[in-house]
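Enquirer: kindly generate the corresponding structure for this input.
(chains A and B)
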Amino acid sequence: MGNAVGVDRLHFAFTVTFHYIFPQLTMGLALLLLVLKTAALRTGNESYNRAVQFWGRIFAINFAFGVVTGIPMEFQFGTNWAAFSRSSGGVIGQTLAMEGVFSFFLESTFLGLMLFGEKRLGQLGHWFSVFLVWLGSWLSGYLIIATDAWMQHPLAYSQGPGGNFALASFWGLLLNPWALWQYAHNMLGAVQTGAFVMAALGAFYLLSRRFEADARIFLRTGIVVGVIAAILQLFPTGDAQGVYVARYQPVTLAAMEGLFASEAGAPLAILGQPDVENRRLDNPLVIPKALSFLTYRAWTAEVRGLDSFPQSDWPDFIPLVYYSYHVMVGLGTIFIAIMLVSAFLLARGSLHNSPWMLWILMLAFPFPYIANTAGWITAEAGRQPWVIYGLMRTPAGISPQVSSGNVWFTLIGFFGMYLVLGILFLFLVYRQIDGGPAPDVRLHAVSAPAAQPATD
Amino acid sequence: MPTLWFCLIALMLATYVLLDGFDLGAGIVHLGVARTDPERRAVIGSIAPVWDGNEVWLLAAGGTLFFAFPVLYASSFSGFYLPLIMVLWLLILRGISVEFRSLVAGSVWSPFWDLVFCLSSALLAIFYGAALGNVVRGVPLDASGYFFEPLWTNFRFGADAGILDWYTILIGIAAYLALAMHGALWVAYKCEAEVAARARRIARLGSGAVLLMTVLITLITLRIQPQILLNLSAHPWGFVFPAIVIASLAGIFYYMRGESTSVKARRAFVHSCGYLLGMLTSAAFGLYPYVLPARAGPALSLSIYNSRTSDRAMRIGLAWWIVGMILAAIYFTFLYRRFAGPVRTGESHGYD
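Expert: Have a look, this model is predicted:
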C-alpha cells in the first residue's frame, strides 16, 4: 500500500463500503414503507400508519448518514481518480449528474413531507410523498448502477481525439443490459436488508414483550416481502448476472469460482481455499459438473479457468473475489431457508409461539448487510485489473499528481470521521428502538418545546 | 454549445451559493443571534426543511461539470485535493449537526452541535471564498493539464504560492463576511423578536464590512487577473454584472434603514441574493472563456474549449437537463411556499 494506486483503491473501497451500509437499508425500507402506507390507506388501520411513522424515523436517520457519506463518493471521482474522470466523465458524468438533478432534489423535497406532513397532506397526499421518496431513492440507485455497469461493460460511447470517451447514445447508456440485471439483483439485496431488519426488530419486541401489536405487523411485512425478495435474488436475477459475467468477464468468473484450470464439465466449489501460488483449490467440496450447467446450461460444457488468460488480466486479489462471492451465495441460500420457514410458520399462525424462530430472525439482521457488501466486493474486485473493463487499467486511472502521502492523510481522516459517525449512528438508532413505535414519538417530543426540560 | 454549458453551470453554482449561502450564513451567525435553546431551535427551524435541498445544488452542479467539462473536473478536483476533502469533512459535520442537534434533549448535546454547526459553517464559507480566489488567481497547471497545490507555502502571492496566500485568504474573508450578512438577513426575515433584532444588528455591521471588502477585492482582482478588463473592454455589456452588485448593495442599505417590517426584511434579503449573484457572474464573465487559468500563462490554461466533452454528449445532456431543472424548480417552489412566512420562537420545527 505504499504506492498511490493501492491507497487510492483502499480510500474508495473504505468510503464506499461504509457509505453503502445506509442506502441499502433506505432503499429497502423505502419499498417497505410504501407497502405499509398502502396497507394503511386500504385498511384504514391506524397501526399501519404508526409503523410508517416509526420506520420513517429510522429511515430518516439512515438517510441523513447516507447523504453525508455519499457526497464524498461523488467528489472522489475527481480528487483521487482524475485520469479516469478525465477520460470517462463525458459518459458517466451524465448518469452521476442525473442522479443529482432527478433523484436528490426529489428525495430532499419529499422526505420532510413524508416525515412531518401526514396531518397537513391528508392520507392520500401522504401516500404520494412516501411514493415519491421511494421513487427518488430507487431512481438514485438505478443511476449509480448504470454508472457502475458502464465500467463493468462499457458501451454507447465514442472516443475523441485525446482518447477521452464521450457519450454516443443516451438510451444505450441507460438501458445497458448489464445494468438492468445488476439493478434488479442489487435492489432485491437492499429489500432483503430492509425486510430482515424489520422482521428482526419485530422478533426482538415480541421476545422482550414490548410493543407486541406493532411487532406482529413488522414481522408479517418483513417476512412476506423478504421471502419474495430472497427467492428472486437467486433466480432469475443472480443467475442472469452470472451468465453475463461468464460471457463478458470470463476471467472474473474463473476467479469467483476458484477455477484454476479449464475444464469440460467443471465442478461448482461449495467450500475450499484458493491457493493462488500453487494454482489449486485446497480442501475442496464440490458438486460435479454443476458450474458448466449453471454457466452454459450444459453439463459437459467447457468452462475456461484462470489458465486460459494471461496472468496480467487476472483480478489481483483472487482470494478476496472468491471468498466474497462464496459468502454472498452462501448467505443468500441461508436467507431463502430462513424466510421460507418463517413464512410457513407465519401462514400456519404459529410463528409468534415459536421463540426459536424469533431468535433466529432477530439474530439474522447483520447478515444481509454482509451479503450485500460481499456482492459488491465480488463485482468491483472482480472487475480488476480494469477500472473500465477492457479499456482502462486501474493504475492508469488515479490522479497523477496526488501523492500517496496525501491520500493516506485523508484516508486516516475518514477513518476517524466515520468511527465517530458510526458511534453516533448506533446511539441514535438505539434510542429509536428503545422508544419504540409508541405514539409519544421522540422526534416530535424533543422538537416540541413543551416536552423540553428547562436546560438553558 | 460549450458557452451555453459554461453559463448553465455558472448559474447552477450561483444558485447553490445563494441558497446554501443563507443556511451557511445562518450557521455563521447562529451563536450570535440566538442565545436560548428555543431561539436556536427557531434559527435551525428556519433552515431545517431546506438546507439539504440547497446542498443538492452543489452535487448537481458538480455532476454537470463532471460530464460537460471532464478535463476541468479532473484537473481541479485533484489539484485542490486537500481543501476539497476538508470541505467534505466540514459538510459532514455540518449536516449531522443540523439534523441531530434537536434529537436529544439536554444541556450538553445541543450546545455542542450548535458550536459544531457554527464553526463548520464559518470554515466552509472561508474555504469556498479561497477556492474562488484560486480560480481567479490561477493555478500551477503544467503541460499534462494537471496540478497539485499544497495548502500553503509562504502565504506570499507569487509563482510558488499554495492554496492559501494573502489574496485567497482575503477572498475567503470576503466570502465569510458576505455570507454572514446574507445569513443574518435571512434570519432577520424568517425569525422574530429578539432573534431578528440581533440579526439586523449583525447584518448592519456586516453590510458595511462587505461594502469595504467589495471595493478592496475588486481593485486587487483587476490587477491580478488582466482577463477581466480585456473582457470588459471587448464586451462592454458585461458592465451589467458589476452594476447588479452596486445596485444590490444600495438596495440592502436602503431596506435596512429605519423601522423594520417583514416586507423590508424580505427585500433586503432579496438584494443580498442579487449581490452574491452579481459578484459571481462578474467573476464568471471576467474569466470567460477560461475556466482555470494557468499561472504560467494562457497557453496552459484550461478554457471551455480544451476541457469539454463532445458536442453530441453536450446535446444529449441538454435534453435531460432541461427536464430535470423544470422538475427541480417545481419542487423548490412547492417547498419554499410550504415553509414561507416567519418561524416563531418556541414553535415546533417539525413541519406541521
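
Enquirer: from now on I want contacts and neighbour counts done on CA atoms only, so please keep to that.
Expert: Fine.

Enquirer: which residues of the chain score low on pLDDT?
Expert: I'll assume chain A. The model of chain A has pLDDT under 70 over residues A:1-2, A:439-456.

Enquirer: chain B, not that one
Expert: Scanning chain B residue by residue, the ranges that satisfy pLDDT under 70 are B:346-352.

Enquirer: which helix or which strand is home to A:S158?
Expert: Element membership for A:S158 (DSSP states H and E) is strand A:157-159.

Enquirer: so what touches that strand?
Expert: Residues outside strand A:157-159 that contact it (Cα atoms under 8 Å, 6 or more residues apart in numbering or on different chains) are A:91, A:165-169.

Enquirer: which two of these have the greatest separation?
Expert: A:F165 and A:S169 (12.0 Å; Cα to Cα).

Enquirer: count the residues that sit near B:T3.
Expert: 12 (other Cα atoms under 10 Å in any protein chain shown).

Enquirer: tell me the SS of it?
Expert: At B:T3 the chain is in helix, as set by DSSP: H, G, I helix; E, B strand; the rest coil.

Enquirer: pull up the gap between it and chain A, please.
Expert: Going from B:T3 to chain A by Cα to the nearest Cα, to the nearest Å gives 16 Å.

Enquirer: with B:V263 instead?
Expert: From B:V263 to chain A the distance is 26 Å (Cα to the nearest Cα).

Enquirer: re the thing from before, what residues sit buried inside the strand holding A:S158?
Expert: A:157-158 (16 or more other Cα atoms under 10 Å in any protein chain shown).

Enquirer: list the buried ones in stretch A:368-383?
Expert: A:368-383.

Enquirer: A:A149 contacts A:A179, correct?
Expert: Yes. At 5.1 Å, A:A149 counts as touching A:A179 under the criterion of Cα atoms under 8 Å.

Enquirer: give the contact list for residue 153.
Expert: Picking chain A for this. Contacts for A:H153 (Cα under 8 Å, 6+ apart) come out as A:178, A:248, A:388-389.

Enquirer: ah, no, chain B please
Expert: B:160-162, B:164-165.

Enquirer: among these, which two are most distant?
Expert: Most distant of the contacts of B:T153, by Cα to Cα, are B:D160 and B:L164, 11.0 Å apart.

Enquirer: the two - which one has more neighbours?
Expert: B:L164 (25 against 17).

Enquirer: for burial, what's the neighbour tally of the nearest residue to that one once chain neighbours are set aside?
Expert: Excluding the flanking residues, the one nearest B:L164 by Cα to Cα, 6 or more residues apart in numbering or on different chains is B:W152, at 5.1 Å. Look at B:W152: counted by other Cα under 10 Å, it has 13 neighbours.

Enquirer: same thing with A:L271?
Expert: 16.

Enquirer: give me every residue that touches the nearest residue to it once chain neighbours are set aside.
Expert: Distance criterion Cα to Cα, 6+ apart; nearest residue to A:L271, sequence neighbours excluded, is A:L285 at 5.1 Å. Going by Cα under 8 Å, 6+ apart, A:L285 touches A:269-272.

Enquirer: contacting residues for B:R40?
Expert: Neighbour list for B:R40: B:30-31, B:34 [criterion: Cα under 8 Å, 6+ apart].

Enquirer: please identify the helix or strand for it.
Expert: Using DSSP H and E, B:R40 falls in helix B:37-47.

Enquirer: is the following helix or strand past that helix positioned near chain A?
Expert: As assigned by DSSP H and E, the chain's next helix or strand after helix B:37-47 is helix B:51-68. Yes. Using Cα under 8 Å from any Cα of the partner chain, we find that helix B:51-68 touches chain A at B:52-53, B:56-57, B:59-68.

Enquirer: what's the angle between helix B:51-68 and helix B:37-47?
Expert: 40 degrees (axes from the mean of the first three to the mean of the last three Cα atoms, to 10 degrees).
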